[in-house]
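In: Fold the following for me, if possible:
(one chain, ligands or ions: 1)
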Amino acid sequence: MSPEDITTQTNSDNSHDQPIHLPGSIQPYGVLIALNAELEIWQVSNNTTIYLDKQPQDLLGQPLSCLLATQQIAVIQQCLEKKIGSVTTFKVSITTIDGERYFDGIVHRTSNAVILELEPKNSDDEVSFLGFHGLVSEAIANLQNTTNLDEFLHLVATEYRKITAFDRVMVYRFAEDGAGSVVAEAKREDLSPLLGLHFPATDIPTPVRQLYTQCLHRFIPDLTAQAVQLIAQDANNTPVDLSWSGLRSVDPCCITYHQNMGVAAILVIALIKNQQLWGLISAHHQTPQHLSYELRKICEFLGQIVSSELGHKVIHSELDYEVRLKSLQSEFVELISQADNFIDALIKPQPSLLALVSATGAAVCLDHEITLVGATPNKEQVRELITWVDNHVSERLFSTDSLPKLYPEAINFKNTASGLLLLRISQIQRYYILWFRPEVLQTINWAGNPNTSRQTHIDGSVSLCPRTSFEKWQEIVQLTALPWKQCEIDNALALKNAIIGIVLSKAEELAKINQELERSNRELASFAYAASHDLKEPLRGIYNFSTILIEDYAQLLDEDGIDYLQTVLSLSVRMESLINSLLRLSQLGQTELHRQPTDLNELLNQVLDVINASRQQAQIHLLIPRPLPTIACDAVLVNEVFTNLIINAWKYNDKTAALIEIGSINPQELSNIPKNTSFTVFYVKDNGIGIQAHHYQTIFRLFKRLHSQEKYGGGTGAGLAISKKIVELHGGQIWVESSVGKGSTFYFTLGQ
Ligand code: ADP
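Out: Got it, this is the predicted structure:
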């Protein structure tokens, strides 16, 4: 990152280093003079011979007038009234043996000294007002024309590169947790890009951040240049606070770090938003490169404009993002609220569940069913993760940008789910939505030579250097995803509320429909009952009068007439049995179950007795492999089910001997059972004619028969409908499996 980002400040075990603002030395591209309140020279950098033709020792303790003219001293005196760190710049000329020398004088006050820095001035360096205006106004105009933050920051990098002519200019942005990333870059084409790299918060320790907010620019023209010591009259003198000094020397580790990157010169401008360090503009050059003080001031000035413009752009871009998320969310909620199956709607690609919170993968979990969208861990991993969440997380909404640090198994799927945002929609029903983000991977080559990573001092203590710092950085950054923004978390919460609302209103709707259905069912049943009951009377009349006609008036009719009357008679018999079936079914609709413990073996004996009595000629081979259980059921009704099924098994049979097996089995023993079947399954199996698969459902409809009246002993087509009704009254299910020509098995459960 920036020159002081990796510094010994991060290393608590390092006792050899001065605090960053008290290095006791400066960079050699200028002279530093520390003055006391009387403006006497208190400390001076050990390079005055080169710039001022004077030995430092000759200057120490002298009044400033030994160097500067009265007007120049007056400027410095004014500085005493200003607040600490407030910088005044003025032109300085100093007479030396070689003639007049010109400097940029930069002066500010600390708590106990006045610091004067002199940077030699080259006449070519001077930027005229028009030159300055030309440089800045075009950049500002361009920046103001940008419409979004990305474009803006990219232009910032480009404009800075134009002004500084450095090889690479990057814009860093700090996240809420202090970690940083390269968000814009302008560079020489042959250099490899660093755009998108991420850095942990510890790369810039608090004192360094503090310095950046105080001193808006930092310039190191030559990282290889030898630092120059400050010399004081008294060796025990307190070190000079160089917090605001541009010439402050550079930490050796920082030098190594940047040299490993192939960087020789650096200019860093702080970007401040709401008095906080928002980011940095960092310009790197591969060879030593001097920039005049004036040019650096232009860069700093432009940085201030960028900072103030940043406020609007950031707010806009954040608002834009929030608005986009919100509109996505309302579109999404509308879609799922209209869908018949909102889970299906949840996982539809558009508008996407992922885009709602800018995730790369998601899992929708309903009880044991898991549906995956995008890049995710596999279903088993998601299932285990949910179990972990159930045991460790109590919140309804939980988010982390480093799941593997909380749940070590997640290391196995860090590439898809280092970040997790989890929403518990319903605790009772185990409804969850999980969103995932991958590990943010950074590969960085600046780590340097591992052998130089640690410096062991004579006393055995170790100080941190770039390599160690890099490892530390890697450790922190690994297993970490981009953090979840508040607006994304809010969106997830809003989705939860919407889903709960939808589910509730759907349940309400369903309850209403059920009520309505129950009412119309009741009405229908009582109508069917009344209708069939009332129909029986005229029918009986038809039957009776037809019988009388046949018995008493047969001699008056010819053969055809008698035939017709016979048909009327048999039709009325058939109609009566149809009406009876209808009556039975409608009665069932109003019947209350009388469940009581019933030994099904006994019940079956009664059924078989009745069947045998009515069908004596029947050849039935009955097999009951295991005794049946005793269960709580309505014995009269269950008797009816067994009777219907056994008679059917015998009727729809073309074999010389009908084989019928009756039994009970555990649902687990069956491969093909309806959903939610957990009760004992009863079955009636025959070796009859079988049923084609497409009739498996229809045969349970009222009056549905697959054969003509004449075939297989006829029937009303109501037996199975009645059986189904009885089974359902018990809270059970009935279904059939069959093989045409080989036989059928009817299964049913009776709930509990
Ligand atoms: P039905 O009074 O006509 O027997 P059901 O409702 O009991 O009426 O049966 C409906 C139809 O299902 C029957 O007409 C028959 O075609 C078919 N069916 C019922 N049970 C069997 C079976 N065990 N084997 C073959 N077909 C059957």
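In: alpha carbons only for contacts and neighbour counts from here, please
Out: Noted.
In: just for the stretch 1-150 of the chain, where's the confidence low?
Out: Applying pLDDT under 70 to the stretch 1-150 of the chain flags residues 1-18, 123-130.
In: all helices of it, in order?
Out: 48-52, 56-59, 70-79, 129-144, 149-164 (DSSP state H, counting those that start in this stretch).
In: which residues touch Lys326?
Out: Counting by CA atoms under 8 Å, 6 or more residues apart in numbering, Lys326 touches Asn491.
In: Out of the helices of the stretch 1-150 of the chain, the one nearest the ligand is which?
Out: Evaluated over the helices of the stretch 1-150 of the chain, closeness to the ligand peaks at helix 149-164, with 71.3 Å, by CA to the nearest ligand atom.
In: Who are the packing partners of the following helix or strand past the closest one?
Out: Using DSSP states H and E, the helix or strand that follows helix 149-164 towards the C-terminus is strand 168-174. Strand 168-174 sits against helix 149-164, strand 180-187, strand 276-285, with contacts defined as 3 or more CA pairs under 8 Å, 6 or more residues apart in numbering; DSSP states H and E.
In: partners of strand 168-174 in the sheet?
Out: Strand 168-174 has the following sheet partners, assigned by DSSP bridges: strand 180-187 (antiparallel), strand 276-285 (antiparallel).
In: show me the contacts for the nearest residue to Thr643 once chain neighbours are set aside.
Out: Distance criterion CA to CA, 6 or more residues apart in numbering; nearest residue to Thr643, sequence neighbours excluded, is Val607 at 6.0 Å. With contacts defined as CA under 8 Å, 6+ apart, Val607 is in contact with Asn639, Phe642, Thr643.
In: Name the helix or strand for Val607, please.
Out: helix 600-614.
In: Alpha carbons only: can I get that helix in CSV?
Out: Extracted in CSV, the C-alpha atoms of helix 600-614 (Å, rounded to 0.1, in the frame of the first residue of the first chain):
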residue,chain,number,x,y,z
LEU,A,600,-58.6,-56.5,12.6
ASN,A,601,-58.4,-60.3,12.6
GLU,A,602,-61.8,-60.5,14.2
LEU,A,603,-63.1,-57.8,11.9
LEU,A,604,-61.8,-59.7,8.9
ASN,A,605,-63.4,-62.9,10.0
GLN,A,606,-66.8,-61.2,10.1
VAL,A,607,-66.2,-59.7,6.6
LEU,A,608,-65.3,-63.2,5.2
ASP,A,609,-68.3,-64.8,6.9
VAL,A,610,-70.7,-62.4,5.2
ILE,A,611,-69.0,-62.7,1.8
ASN,A,612,-68.9,-66.5,2.0
ALA,A,613,-72.6,-66.6,3.0
SER,A,614,-73.6,-64.4,0.0
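In: what is the mean pLDDT for it?
Out: The predicted model assigns helix 600-614 a mean pLDDT of 88.
In: Buried residues of that helix, list them for me.
Out: Buried residues in helix 600-614, defined by neighbour count with 16 or more other CA atoms under 10 Å: Leu600, Asn601, Leu603, Leu604, Val607, Leu608.
In: now stretch 298-310
Out: Here stretch 298-310 shows Ile298, Cys299, Glu300, Phe301, Leu302, Gly303, Gln304, Val306, Ser307, Glu309, Leu310 as buried, counting by 16+ other CA under 10 Å.
In: farthest-separated two in those residues?
Out: Largest separation among the buried residues of stretch 298-310 by CA to CA: Ile298 and Leu310, giving 17.7 Å.
In: Name the residues linked to the residue nearest the centre of the chain by a beta bridge.
Out: In the chain, the centroid-proximal residue (CA atoms, centre = their mean) is Trp435; its distance is 2.9 Å. Beta-bridge partners for Trp435, by DSSP bridges, are Ala362, Leu421.
In: pretty sure it is in contact with Cys365, am I right?
Out: No - taking contacts as CA atoms under 8 Å, Trp435 lies outside contact range of Cys365: 11.3 Å.
In: and among the helices of the stretch 1-150 of the chain, the most buried is which?
Out: helix 149-164 (a mean of 20; mean count of other CA atoms under 10 Å).
In: starting at the chain centroid, how far to it?
Out: For helix 149-164, the separation from the chain centroid amounts to 32 Å (computed by CA atoms, centre = their mean, to the nearest Å).
In: Give me the below-cutoff pLDDT ranges for the stretch 351-500 of the chain.
Out: 351, 427-428, 441-477.
In: And the strands in it, which stretches?
Out: Per DSSP state E, counting those that start in this stretch, the stretch 351-500 of the chain carries strands over the ranges 361-366, 369-374, 397-400, 419-426, 431-437, 454-456, 462-464.
In: The fourth one: which residues count as buried?
Out: Neighbour-count burial for strand 419-426, with 16+ other CA under 10 Å as criterion, is recorded at Gly419, Leu420, Leu421, Leu422, Leu423, Arg424, Ile425.
In: Could you do the first one as well?
Out: Within strand 361-366, the residues that qualify as buried by neighbour count (16+ other CA under 10 Å) are Gly361, Ala362, Ala363, Val364, Cys365, Leu366.
In: quick one: Gly541 and the ligand, what's the gap?
Out: Distance, Gly541 to the ligand, using CA to the nearest ligand atom, to the nearest Å: 25 Å.
In: tell me which element that residue falls in.
Out: Per DSSP H and E: helix 486-553 holds Gly541.
In: for Leu702, same thing?
Out: Secondary structure assignment for Leu702, by DSSP H and E: no helix or strand.
In: Would you enumerate the residues in contact with it?
Out: For Leu702, the contact set (CA under 8 Å, 6+ apart) comprises Gly717, Ala718, Leu720, Ala721, Ile722.
In: CSV for the buried residues of strand 361-366, including distance to the ligand?
Out: Compiled in CSV, these are given as follows (distance: CA to the nearest ligand atom, whole Å):
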residue, distance to the ligand
Gly361, 50
Ala362, 47
Ala363, 44
Val364, 42
Cys365, 40
Leu366, 37
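In: tell me which of those is nearest to Leu197?
Out: Of those, the one sitting nearest to Leu197 (CA to CA) turns out to be Gly361, at 22.1 Å.
In: Pretty sure the closest one sits against Asn378.
Out: No - at 11.1 Å, Gly361 does not count as touching Asn378 under the criterion of CA under 8 Å.
In: gap between the residue nearest to the centre of the chain and Ala362?
Out: Distance, Trp435 to Ala362, using CA to CA, to the nearest Å: 4 Å.
In: Between the two, which contacts overlap?
Out: With CA under 8 Å, 6+ apart, Trp435 and Ala362 have common neighbours Leu354.
In: Neighbours of whichever residue of the stretch 251-400 of the chain sits closest to the ligand, how many?
Out: Ranked by CA to the nearest ligand atom, the top residue of the stretch 251-400 of the chain for proximity to the ligand is Asp340, at 32.9 Å. If you count neighbours by other CA atoms under 10 Å, Asp340 ends up with 11.
In: Check which helix or strand it maps to.
Out: Asp340 belongs to no helix or strand when assigned by DSSP H and E.
In: got it, and Gly561?
Out: Going by DSSP H and E, Gly561 is part of helix 559-590.
In: Pick the one among the contacts of Val607 closest to Ser45.
Out: Taking CA to CA as the measure, Ser45 sits nearest to Phe642 out of the contacts of Val607, at 109.6 Å.
In: okay, now the closest one: neighbour count?
Out: 20.
In: Do you know the pLDDT at it?
Out: pLDDT, Phe642: 95.
In: that older thread, what angle sits between the helix holding Gly541 and strand 419-426?
Out: Inter-element angle recorded for helix 486-553 and strand 419-426: 40 degrees (by axes from the mean of the first three to the mean of the last three CA atoms, to 10 degrees).
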